[in-house]
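*Asks:* Sequence first, predicted model second:
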Amino acid sequence: MAAYSKAQKLKAKRGRPSLPAAEREANGRKSRRKSAVVLRLIETEKEVKSVAVANRVKMGMSIKEADTQEAGSALGRLHLLNPDEITKVQYEAGMRMAKDYARYYALTGIPFPTIKAHDVRGVRGHSNVDRPDCARAAANRIMKIEQALGEVDMSGRPVTSVTKKVCVRDEAEGMHLPHMVQYLKRGLTALAQHYELT
């Protein structure tokens, strides 16, 4: 309804703002028809994506880069913002490491080491593994990754910890410091050789 008089305009501003336009049932509830639900989900996804893209643009990315899949991870953002520092091969090696760790945690029942994945009411770990042969293969893969990172690591394991922090836990704190980027580059180079991507 369009407000024409001054009184109607003031009345429209007062009180609770009107709900966004959505298809509704006769009782006022949002429509539960499948087409209406799908449309609402698509609109919600677009809103969430626009917020994420806007935040990435604030970091210094172009809108085209911010909308890519690579911009969704800490390692991908480092690659997009500093392509001379983190190469495409290093990025791919880091993503393969992340997939190997995710598979290892899923098969062994170990909770993923990030606060985003924790369930307060959930059980920590499983004593019985459904597929022990797959779990053993995943564990062997992780041991080889640890060995490859350990060979280039200095005392105190900074290369391993920084590489896991960025690739596995998807955290980027401190990655503006040059020595942290150098540790990450060394780890990713070792991973690229391990995965035979170079």
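*Replies:* Yes, it's here. Predicted model, so just to flag it, every value in this text is computed and none were measured.
*Asks:* In this protein, which residue is most central in space?
*Replies:* S73 (4.7 Å; Cα atoms, centre = their mean).
*Asks:* The residue nearest to it when sequence neighbours are not counted and A192: what is the separation?
*Replies:* Nearest non-adjacent residue to S73, counting by Cβ to Cβ, 6 or more residues apart in numbering: D170, 5.6 Å away. All C-beta spots, glycine's among them, are computed from the backbone N, C-alpha and C. Look at D170 and A192: by Cβ to Cβ, to the nearest Å, they are 19 Å apart.
*Asks:* what about those two, which has more around it?
*Replies:* More neighbours surround A192 than the other of D170 and A192, with 20 against 15 (other Cβ atoms under 10 Å).
*Asks:* So the closest residue in space to V168 that isn't next to it in sequence versus P178, what's the distance?
*Replies:* The shortest distance from V168 to any non-neighbouring residue, by Cβ to Cβ, 6+ apart, is to Y101 (4.7 Å). Computed as Cβ to Cβ, the Y101 to P178 distance reads 26 Å.
*Asks:* more crowded one of the two?
*Replies:* Ranked by neighbour count (other Cβ under 10 Å), Y101 and P178 place Y101 first, with 21 against 8.
*Asks:* quick revisit: pretty sure the residue nearest to V168 contacts A139?
*Replies:* No: at 11.1 Å, Y101 does not count as touching A139 under the criterion of Cβ atoms under 8 Å.
*Asks:* and R40, that's in a helix?
*Replies:* Yes: R40 forms part of a helix when assessed by DSSP: H, G, I helix; E, B strand; the rest coil.
*Asks:* State the distance from it to T163.
*Replies:* Plainly put, R40 is 40 Å away from T163 if you go by Cβ to Cβ.
*Asks:* Tell me which of these two has more neighbours.
*Replies:* Remark: of R40 and T163, T163 carries more neighbours, 27 against 14, as counted by other Cβ under 10 Å.
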